[in-house]
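>>> Here is the input, now give the coordinates:
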Amino acid sequence: GRFYRGWWQSIPGKHRPHIRIDGKKTIEVDYSGMSLSIIYALNNIPFKAEDDPYDIGLINWTGTSDPRRKPLKKTVNALINDQDGVYRISKSELKLFGETEDSFMDKLLTKHPVLKDRLGTSIGLETQFIDSQIAEAVMIELLKEDIVVLPIHDSFIVPAGYQQYLETAMSHFFKLRLGADIKVEAEVVKINDHFGWDNDDVVQAQQNDPTLGIVNAASVRDKVLHYKQQLTNNYLSYWESWMHTDEAVQVSSLLDTSFIRDV
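Have a look, this model is predicted:
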């Protein structure tokens, strides 16, 4: 399976965006329908990357924001990993879905006929192994560039500035291993004020903020001016400190001291 036991995997999902790497805000990028996409690819059946794999025809389905999507995803993955065929959907979940077990399975297999002959087999273990191979390749690729990457389950966390690099690596190594495309989705970036907020609340707040993206020119000017002054002061202080070292004395004896003063 995946790479487990990192502490960041056990905290609530809505708190993961507050993880900081070297003090920088982070972004989580997720594979969409990873297990299903692997099964389709293994059977050489194309699966549209833009299609929601969990839209199986439940009544009044509202898309990726539907509150039933998360428990439905959990149920589908449980069925895929039910090697002995003993898993039963709970009554509370069936009530949430508005289905009986038979009607739910009928909708699922109508949406994904590729599962008809694979449920109750070792397909879950096969997909987990392939998943781990792809995850390893993604992490090694980013680590080559000194980018810290934290694996979750079918997603990764990196500093927000490396989102595009991560998305490209995730898509590339999935296709390299399976010869198929897959959709990847990024979560939201949260500031400290958003602690405890759901992702939908953050998105809504950003949409309702008329100042989003507006930069105060005076503030930028002051920061730039301060940065230059700080940079100059640091350079001079480091130079003065170095000049008192034995190494500097040895170097200065070999150089024209007037040149050093000019520098």
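
>>> In the stretch 101-250 of the chain, mark out all the helices, start to finish.
101-111, 123-144, 163-178, 199-207, 217-243, 246-252 (DSSP state H, counting those that start in this stretch).

>>> buried stuff in stretch 142-154?
Residues of stretch 142-154 classed as buried by neighbour count (16 or more other C-beta atoms under 10 Å): Leu142, Ile147, Val149, Leu150, Pro151, Ile152, His153, Asp154. Every residue, glycine included, has its C-beta placed from N, CA and C.

>>> Check the burial of the nearest residue to Leu115 once chain neighbours are set aside by counting its neighbours.
Distance criterion C-beta to C-beta, 6 or more residues apart in numbering; nearest residue to Leu115, sequence neighbours excluded, is Leu109 at 6.0 Å. Leu109 sits with 14 neighbouring residues when counted by other C-beta atoms under 10 Å.

>>> tell me the SS of the residue nearest to Ser155 when sequence neighbours are not counted?
Once flanking residues are discounted, Ser155 sits nearest to Asp30: 3.8 Å by C-beta to C-beta, 6+ apart. The three-state assignment at Asp30 reads strand, by DSSP: H, G, I helix; E, B strand; the rest coil.

>>> per-residue confidence for Asp30?
pLDDT for Asp30: 91.

>>> again with Ser252
The predicted local confidence for Ser252 is 50.

>>> for Gly179, what are its contacts?
Ala41 (C-beta atoms under 8 Å, 6 or more residues apart in numbering).

>>> before we move on, what about the one 5 residues further on?
Val184 is in contact with Val29, Asp30, Tyr31, Ser32, Glu167, Met170, Ser171, counting by C-beta under 8 Å, 6+ apart.

>>> Could you list the low-confidence segments of the protein?
Scanning the chain for pLDDT under 70 picks out 1, 49-50, 190-263.

>>> sorry, back to before: my guess is the residue nearest to Leu115 contacts Ser103. True?
No - Leu109 lies out of contact with Ser103 (C-beta atoms under 8 Å); the separation is 11.1 Å.

>>> so which of the buried residues of stretch 142-154 comes closest to Lys95?
Taking C-beta to C-beta as the measure, Lys95 lies nearest His153 of these, at 26.3 Å.

>>> Check the gap between that closest one and Ser37 for me.
His153 sits 14 Å away from Ser37, going by C-beta to C-beta, to the nearest Å.

>>> now do Arg16
23 Å.

>>> swap in Val76?
Computed as C-beta to C-beta, the Val76 to Ser37 distance reads 12 Å.
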